[in-house]
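Chemist: Fold the following.
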Amino acid sequence: MMATFALDMLIRQQTNHEKSFDDVLKEMQTEFSGDNAKDLTKLSFIAAVKRSTGVDIRQFTRQYLSQANVLPLNELVAEFGLCLVEQQTDDEWSAAISECDGGNHTTRSLLNSWMAHQ
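Modeler: Residues are numbered from 1 along each chain as shown. From the prediction side, this is the model:
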């Protein structure tokens, strides 16, 4: 789920907000469902993203999906005036996407809002 959110932010940034992960989903539904459906592989997913958005996600895939690196969520949401606010306790970790205003964080359920539209 967080990888999808990160990919959506990356696509929006690299296409000047003209494309999103929604475009990828439409492409995938056409190509990977129905009577003539192809098998979904990592390479076919990367190709579907490129076809539907023009964004090359090979480096992103190598760095963040093929390896256990931390997703660059702060960098990806910064363009939108947002930041990731993390909270750690002894038992669990949680995070919220917040609006950032000069160091002040106005926490809103922006991630939940994004998830509801997917």
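
Chemist: Does anything pack onto the top strand by length along the chain? Which helices or strands?
Modeler: Longest strand in the chain, counting residues (DSSP state E): strand 93-101. With contacts taken as 3 or more CB pairs under 8 Å, 6 or more residues apart in numbering; DSSP states H and E, strand 93-101 sits against helix 73-78, strand 82-88, strand 104-107, helix 110-116. (Glycine included, C-beta is placed from N, CA and C.)

Chemist: Could you count how many residues lie near Arg58?
Modeler: 12 (other CB atoms under 10 Å).

Chemist: Revised request: answer the last question for Asp35.
Modeler: Neighbours of Asp35 using other CB under 10 Å come to 4.

Chemist: Repeat that for the one 4 residues further on.
Modeler: Asp39 is flanked by 6 other residues according to other CB under 10 Å.

Chemist: and what of the one 4 residues further on?
Modeler: Here the neighbour count serves as a burial measure; for Leu43 (other CB under 10 Å) it reads 10.

Chemist: Phe80 now?
Modeler: 15.

Chemist: With Leu7 instead?
Modeler: Leu7 has 23 nearby residues by other CB under 10 Å.

Chemist: Apart from its chain neighbours, what residue comes closest to it?
Modeler: Spatial nearest neighbour of Leu7, excluding adjacent residues (CB to CB, 6 or more residues apart in numbering): Phe21 at 5.7 Å.

Chemist: remind me which residues of this protein are low pLDDT?
Modeler: Counting by pLDDT under 70, the ranges of the chain that qualify are 101-118.

Chemist: ok, now how distant is the residue sitting furthest away from the middle of the chain from Phe45?
Modeler: Note on the chain: the largest C-alpha distance from the chain mean falls to Asp35, namely 29.1 Å (CA atoms, centre = their mean). Shown here: Asp35 relative to Phe45, a distance of 21 Å by CB to CB, to the nearest Å.
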